[in-house]
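Asker: predicted coordinates and the sequence they were generated for:
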Amino acid sequence: LLNLLVHKGKNEGFINKILYHKAISLNRNGEYKASIRVFDKLMIRFLENSSYYYKEIFYATEANADNYIETGNFESALFFCKKSIKILNKNKLKDSLIKFKVHHLLGVIQNAMGKYNEAESNYAIASNFIEDNLDRSISINYSLGSLYKKLGKNKKSILHLKKSIKLIKENYNIDNNTLAACYNVISTTYCNLTKYDSSLYYQKMAIAIQEKILHALHPRLAISYSNITRYYANIGQYSTAIFFCKKAIKIQELTLDSFRLAISYGTLSTIYVDMKEYYLALKHSKNSIKILESILNKNNPHIADNYG
């Protein structure tokens, strides 16, 4: 996208480039809501001449979708994705990279929304446009691994995640967010299979990378603390599980990460149920449901999970 922006006229391109850099920097720093606000300013500039900026509109939408997903605002992610796709179709774009990205992005959003069959269909279409491209192969394998974990197809999940991990380790610096994300998902998949030693092994590697490259209050570090919470809870080490869960909650409260905070409250509630501390379990479950109902569609599976 930056290469496109810089060639769209010196002054205009320079301003657009600055806005894009700022939005991406905020996203990588875990400041998702601030990143959305900057992307909104950028999108207003693009939409004034959508026939000219149709590629830029999609690329900005793709980047901004991560902000919406991280903050639990799935409907906005899907709305703007479909809007940008209409603009692409109007301009009859046939670029294979764009076709891959369109269907991959739809799949990522649908996966986050719990629309797993639709996500799988879009990932299947995206797979037709990989064309031996390394980054596309890494992305699709990671996304399929994440999807199959949610569908309970744990062996398929691990297969795809290991493909992604292998490609990253062979071609990139191993201290990067994508590898840490793969480790996070494969850890929770092994946890689902009750292979707790493998789960802990991958989770510790994820945390080691993230503590090295992210600041101490980054929301993605909180996700890893939440994941390792599951490990300790599953083996009955409740005090250690609560310790890591509260570390996650502290980050999420300070960064106003409402969606993830709700999930952490739900996890903490489950731990207290296992400990037969029902008053505390009910308290944290109510906190979780209250937050989720304020930010999600009432039919979203995350709400049902917390009622369960």
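Answerer: Sure thing, it's come through.
Asker: for the stretch 1-150 of the chain, give me the ranges with low pLDDT.
Answerer: Within the stretch 1-150 of the chain, the segments meeting pLDDT under 70 span 1-11.
Asker: where exactly do the strands run in it?
Answerer: Remark: strands of the stretch 1-150 of the chain are absent; assignment by DSSP state E, counting those that start in this stretch.
Asker: spell out, range by range, the helices that occur in it.
Answerer: For the stretch 1-150 of the chain, the helices defined by DSSP state H, counting those that start in this stretch cover 2-6, 10-28, 32-47, 54-70, 74-90, 96-113, 116-127, 134-150.
Asker: check contacts around Asn227.
Answerer: By C-beta atoms under 8 Å, 6 or more residues apart in numbering, Asn227 lies in contact with 184, 187-188, 191, 203, 206. Quick note: C-beta positions are derived from backbone N, CA and C, even for glycine.
Asker: try it again with 7 Å
Answerer: 184, 187-188, 203 (C-beta atoms under 7 Å, 6 or more residues apart in numbering).
Asker: looking at it now. What's its pLDDT?
Answerer: On pLDDT, Asn227 comes in at 87.
Asker: host element of it?
Answerer: In this structure, Asn227 sits in helix 219-234 according to DSSP states H and E.
Asker: tell me the one of the contacts of Asn227 nearest Phe243?
Answerer: When these are compared for distance to Phe243 (C-beta to C-beta), Gln203 wins out at 14.4 Å.
Asker: so what's the residue count around the closest one?
Answerer: 25 (other C-beta atoms under 10 Å).
Asker: these two touch, right, it and Arg230?
Answerer: No. With contact defined as C-beta atoms under 7 Å, Gln203 does not reach Arg230; the gap is 8.8 Å.
Asker: tell me which of the contacts of Asn227 has the lowest pLDDT.
Answerer: Thr188 (91).
Asker: Ile140 versus that residue, what's the distance?
Answerer: To Ile140, Thr188 is 19 Å away according to C-beta to C-beta, to the nearest Å.
Asker: from Ile125, how far off is Tyr232?
Answerer: Here Tyr232 is placed at a distance of 40 Å from Ile125 (C-beta to C-beta).
Asker: please disregard the earlier target; I meant His21.
Answerer: Counting by C-beta to C-beta, the gap from His21 to Ile125 is 31 Å.
Asker: and for Leu26?
Answerer: In this view, Leu26 and Ile125 are 31 Å apart by C-beta to C-beta.
Asker: how about Ser199?
Answerer: Taken as C-beta to C-beta, the span from Ser199 to Ile125 is 32 Å.
Asker: and for Pro219?
Answerer: Using C-beta to C-beta, Pro219 is found at 30 Å from Ile125.
Asker: out of the two, which sits in the more crowded spot?
Answerer: Between Pro219 and Ile125, counting by other C-beta under 10 Å, Pro219 is the more crowded of the two (23 against 15).
Asker: so who does the more buried one touch?
Answerer: By C-beta under 7 Å, 6+ apart, the contact set of Pro219 is 30, 70, 251-252, 255, 257, 260.
Asker: with Gln110 instead?
Answerer: 118-119, 122.
Asker: now do it against Ser258, distance only.
Answerer: Counting by C-beta to C-beta, the gap from Gln110 to Ser258 is 21 Å.
Asker: does the nearest residue to Met205 once chain neighbours are set aside lie in a helix or a strand, and which?
Answerer: With sequence-adjacent residues excluded and distances taken as C-beta to C-beta, 6 or more residues apart in numbering, Met205 is closest to Tyr183, at 4.9 Å. Taking DSSP H and E as the criterion, Tyr183 maps to helix 177-192.
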